[in-house]
Structure formats: C-alpha cells, structure tokens
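Enquirer: heads up, no residue letters with this:
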C-alpha cells in the first residue's frame, strides 16, 4: 500500500497501535494480547478518527482521560483535578476544573474516567461507576 504524502491526521492513538498498524500493512496479525488498533483505515482515508478516548496512567500518581476535545487529569494522591478544552487550548494553559461554567463537563469527564479505569482493571479506579 502506498501511503499518501503528506499525511497529517490529528487522531487519538496509543503507541501500541503502531504494532497493529505495521502488522496490518505487512499482512501479519498482531501479537496475542496486543490491544493495539490498526490505523490503516485512517491512512487509507476510510476513517477520519482513531480512538474515541485514551486512558493515560503514570504509576499511582496520575490518571487522565483524553477525548478529541477534552482532557481531564486526576492526581489521586492529592485529590487535584485539571480540565482542559483541547479544541481551544491545545497547549493546556487554561485549567477549567474550577470554573462553574464547566462543572457539568467536569462531572461527565470524571464519570467517563471512572468507567475507563474500571474497564481497564485499574487498581486506582475510584468505586463503581454511577449510572
């Protein structure tokens, strides 16, 4: 497959998606247990998006949920949270977590983070997801 150049795709992807993508391009199935998703449909122009969300973790001190428009960062040890509107603040300079105008968005992102943590079997997941 010839990849069109230049190809710029602003999508959400994990590093391990590259394993699935290169394997897909080479006609090789991904290794057993690999959670990567092939990005070939994006490269071919068949899809415009990658993943709907990313769950990020750093040891026991940070968790984050990233969507194409929003990012919520949770610091479990300190109880601090940050919320960024990536669509208008790519550099994450304006923390909206304490802004009452974004309280509903913060709650929905907190719920989505909790759900993603539970789905991933994260030991830091904070209790059952609310309905």
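Expert: Looks like it came in fine. Source: prediction; values computed, not measured.
Enquirer: is residue 112 in a helix, a strand, or coil?
Expert: Residue 112 falls in the helix class when you classify it by DSSP: H, G, I helix; E, B strand; the rest coil.
Enquirer: in the helix or strand of the chain with the lowest mean pLDDT, which residues are buried?
Expert: Least confident helix or strand of the chain, by mean pLDDT, DSSP states H and E, is helix 40-43 with a mean of 87. For helix 40-43, the neighbour count (16 or more other Cβ atoms under 10 Å) marks 40, 42-43 as buried. To be clear about C-beta, it is placed using only N, CA and C from the backbone, and glycine gets the same treatment.
Enquirer: can you check stretch 16-23 too?
Expert: Within stretch 16-23, the residues that count as buried by 16+ other Cβ under 10 Å are 17, 19-21, 23.
Enquirer: now do the buried residues in stretch 36-52.
Expert: Within stretch 36-52, the residues that qualify as buried by neighbour count (16+ other Cβ under 10 Å) are 36-40, 42-43, 50-51.
Enquirer: swap that for stretch 77-91, sorry
Expert: Residues 81-84 are the ones in stretch 77-91 that count as buried (16+ other Cβ under 10 Å).
Enquirer: roughly how far apart are the residue positioned nearest the centre of the chain and residue 44?
Expert: To find the centre residue of the chain, average its C-alpha atoms and take the closest one (Cα atoms, centre = their mean): that gives residue 54, at 1.4 Å. According to Cβ to Cβ, to the nearest Å, residue 54 and residue 44 sit 22 Å apart.
Enquirer: do residue 13 as well
Expert: Looking at residue 13 against residue 44, where the rule is Cβ to Cβ, the gap reads 15 Å.
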